[in-house]
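J.: after the sequence you'll find the predicted model.
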Amino acid sequence: MANPRKPRAFKLLQGTDRKDRRQPEPEFPTLDDAPPPAWLLNDDARAEWNRLVGLLVPTRVLTEADITALGHLCNLHGECLRLYRASIAPHAATLTQLRLYLAEFGMTPASRGRAQPAGSGQPKNKFAQLAQGGTGKR
């Protein structure tokens, strides 16, 4: 598996940032409310949808582009609960998928710092200010 991309702030620090390699980030509209999709598998998945939407909407992390991924996360969660109730442990692959989906939305301790509000446009740290032409000084 390829190494993940190095954050732009690190490239700025190391002096390896190049304008010709920058990729524009698409901006998707954020959501103020998101009703559960009809294709969620069970009541547990719908309950998890409502819980997560309640957490993600105020933080402005959830966008229209995230609906499908959030639905898959909720279906995986519902399936795991169904298996646990039947005294069956979910497969490791299922738990790994669930953990990876949770990380995508910043819902694990390690990934929480990487989740950013959609379309904020505001640099999160001083190094990001450098990338936008600021001095980074306050």
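T.: Structure's in. What do you need?
J.: so what's the residue positioned nearest the centre of the chain up against?
T.: Nearest to the mean C-alpha position of the chain, counting by C-alpha atoms, centre = their mean, stands Phe105 at 2.4 Å. Neighbouring residues of Phe105 by C-beta atoms under 8 Å, 6 or more residues apart in numbering: 52, 56, 61-62, 66, 69-70, 73, 115. (Glycine included, C-beta is placed from N, CA and C.)
J.: just the buried residues from these, in ChimeraX please.
T.: Paste this into ChimeraX to select the buried members of the contacts of Phe105, with burial taken from 16 or more other C-beta atoms under 10 Å:
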select :52,56,61,62,66,70,73,115
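J.: got a markdown table for the contacts of Phe105, with distance to Phe28 and pLDDT too?
T.: Listed next are those as a markdown table, based on distance: C-beta to C-beta, whole Å; pLDDT from 0 to 100:
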| residue | distance to Phe28 | pLDDT |
| --- | --- | --- |
| Leu52 | 17 | 93 |
| Leu56 | 13 | 88 |
| Val61 | 11 | 81 |
| Leu62 | 10 | 85 |
| Asp66 | 8 | 90 |
| Ala69 | 12 | 94 |
| Leu70 | 13 | 95 |
| Leu73 | 17 | 96 |
| Ala115 | 15 | 60 |
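J.: nearest to Pro26 among the contacts of Phe105?
T.: Of all those, Pro26 sits closest to Asp66, with 12.3 Å by C-beta to C-beta.
J.: quick one: contacts for that closest one?
T.: Applying C-beta under 8 Å, 6+ apart to Asp66 gives the contacts 28, 105.
J.: could you point out the longest helix in the protein?
T.: Criterion DSSP state H: the longest helix present in the chain is helix 67-85.
J.: buried sites along that one?
T.: For helix 67-85, using 16+ other C-beta under 10 Å, the buried residues are 67, 70-81.
J.: closest one of these to Ala2?
T.: Using C-beta to C-beta, His72 comes nearest to Ala2 of the buried residues of helix 67-85, at 23.1 Å.
J.: now the nearest residue to the closest one once chain neighbours are set aside: how far from Val61?
T.: For His72, ignoring the flanking residues on the chain, the nearest one in space by C-beta to C-beta, 6 or more residues apart in numbering is Tyr101 at 6.4 Å. When distance is defined by C-beta to C-beta, to the nearest Å, Tyr101 is 13 Å away from Val61.
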